[in-house]
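>>> Predicted model follows, preceded by the sequence.
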There are 2 protein chains.
Amino acid sequence: MIMKEIKIMSEGDNYTAIDLGEFDSLKEYSYLHPKLNQEIPGKVFIGEVLKTTGAEISLQVLPPDTEIPFLHGHRKHEEIYIFLKGCGEFQVDNVVFKIKEGSIVRIAPEGKRTWRNNSNESMTFMVVQTQAGQLDSHYIDDGFRINEDVIW
Amino acid sequence: MIMKEIKIMSEGDNYTAIDLGEFDSLKEYSYLHPKLNQEIPGKVFIGEVLKTTGAEISLQVLPPDTEIPFLHGHRKHEEIYIFLKGCGEFQVDNVVFKIKEGSIVRIAPEGKRTWRNNSNESMTFMVVQTQAGQLDSHYIDDGFRINEDVIW
């Protein structure tokens, strides 16, 4: 199977812009899991192509009636799961709760986590990984306006 | 105007799970900009409620024919814009490019950025802010399996 490549739309000294395509077409990507040597269709990591330095991000479409059959933890990374479409269940430590479009879950590195799509529709979600404890401020405190003209 | 509150679905020592509702209902949230003392309907920051320590995340629905009329930069934060629905244009430094569902843009702190929805449909997107330069590894390198039973 040939993996679909991520398309770079525009790039400059201070940015990279990619086009993944519509989220329903995420199933065309696949990720070769380096430890399992197993191909995971519908999963794509974007951090390397985007040249991110603060977060890794992956997107995945999970087919109906599919589960991750094991728990996992992290050494240093906090994870945030953002559910974009469909519904299912999520487990952290010994708690199971339902997830659907608009559900967002933050998990500390030591949280033991897994999830499943126990519905008959596809489930689409995004995962943001960052170094836990490194954010210095929430909201807009880090930003500032620049008094130069917008081009359009 | 009363701001819609973010609903916490489940919370434990190692996690927080929220329910924002379907993305089309993001317009019910609003954000009071502390510097402008101006209410921004359709924008919600989730980091404080989620108790994130590595990333701030906001979501926003921008009405048709609406632009951010100024450029902004950041002191220490890298930003990643993920476009979920609709289309528009994005400017970084002196380059303008089109954005739509599946477009993702990574911008270094010093990049001068703005965006607009120049279409006749709403545009929905998410912004991830992190400390630039803090990520130690991409992909799955930070994760590890845990040999304990999944509950379901």
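Good, I have the coordinates.
>>> In this structure residue A:70 contacts residue A:114, no?
Yes. Using CB atoms under 8 Å as the test, residue A:70 is close enough to residue A:114 to be in contact (6.5 Å). (Each C-beta comes from the backbone N, C-alpha and C, glycine too.)
>>> ok, now which ones touch residue A:61?
A:23, A:24, A:26, A:27, A:42, A:43, A:122, A:123, A:124 (CB atoms under 8 Å, 6 or more residues apart in numbering or on different chains).
>>> Could you list which of those also contact chain B?
Among the contacts of residue A:61, the ones lying near chain B by CB under 8 Å from any CB of the partner chain are residue A:23.
>>> Show the buried residues in the contacts of residue A:61.
A:23, A:26, A:27, A:42, A:43, A:122, A:123, A:124 (16 or more other CB atoms under 10 Å in any protein chain shown).
>>> how far away is the spatially most central residue of chain A from chain B?
Residue closest to the average C-alpha location in chain A (CA atoms, centre = their mean): residue A:127, at 2.4 Å. Between residue A:127 and chain B the distance is 10 Å, computed by CB to the nearest CB, to the nearest Å.
>>> Could you do residue A:14 as well?
3 Å.
>>> Assess the claim that that residue and residue B:111 are in contact.
Yes. The criterion here is CB under 8 Å, and residue A:14 meets it with residue B:111 at 3.4 Å.
>>> Quick check: neighbours shared by those two?
Joint contacts of residue A:14 and residue B:111 (CB under 8 Å, 6+ apart) are B:92, B:93.
>>> Neighbour count: these two, which is higher?
residue B:111 (21 against 17; other CB atoms under 10 Å in any protein chain shown).
>>> these two touch, right, the more buried one and residue B:91?
No. In this structure, residue B:111 is not within contact of residue B:91 by CB under 8 Å, at 9.7 Å.
>>> Contacts only, for the residue nearest to the centre of chain A.
A:57, A:58, A:59, A:60, A:79, A:80, A:81, A:82.
>>> re earlier: export the buried ones among the contacts of residue A:61 to a markdown table and tack on secondary structure and pLDDT?
What follows is the buried ones among the contacts of residue A:61, written out as a markdown table (DSSP: H, G, I helix; E, B strand; the rest coil; pLDDT from 0 to 100):
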| residue | secondary structure | pLDDT |
| --- | --- | --- |
| A:23 | helix | 95 |
| A:26 | helix | 96 |
| A:27 | helix | 94 |
| A:42 | coil | 96 |
| A:43 | strand | 96 |
| A:122 | coil | 97 |
| A:123 | strand | 98 |
| A:124 | strand | 98 |
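>>> Please report how far residue A:105 lies from residue B:86.
25 Å (CB to CB, to the nearest Å).
>>> repeat for residue A:27
Residue A:27 sits 22 Å away from residue B:86, going by CB to CB.
>>> Name the spans of chain A whose pLDDT lies under the cut-off.
Along chain A, the parts satisfying pLDDT under 70 run over A:1-2.
>>> let's go with 90 and repeat that
A:1-3, A:33-38, A:149, A:152 (pLDDT under 90).
>>> Sketch out the helices for it, chain order is fine.
Counting by DSSP state H, chain A has helices at residues A:47-50.
>>> May I see the ChimeraX selection of the buried members of the contacts of residue A:127?
The following ChimeraX line selects those of these that are buried, judged by 16+ other CB under 10 Å:
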select /A:57,58,59,60,79,80,81,82
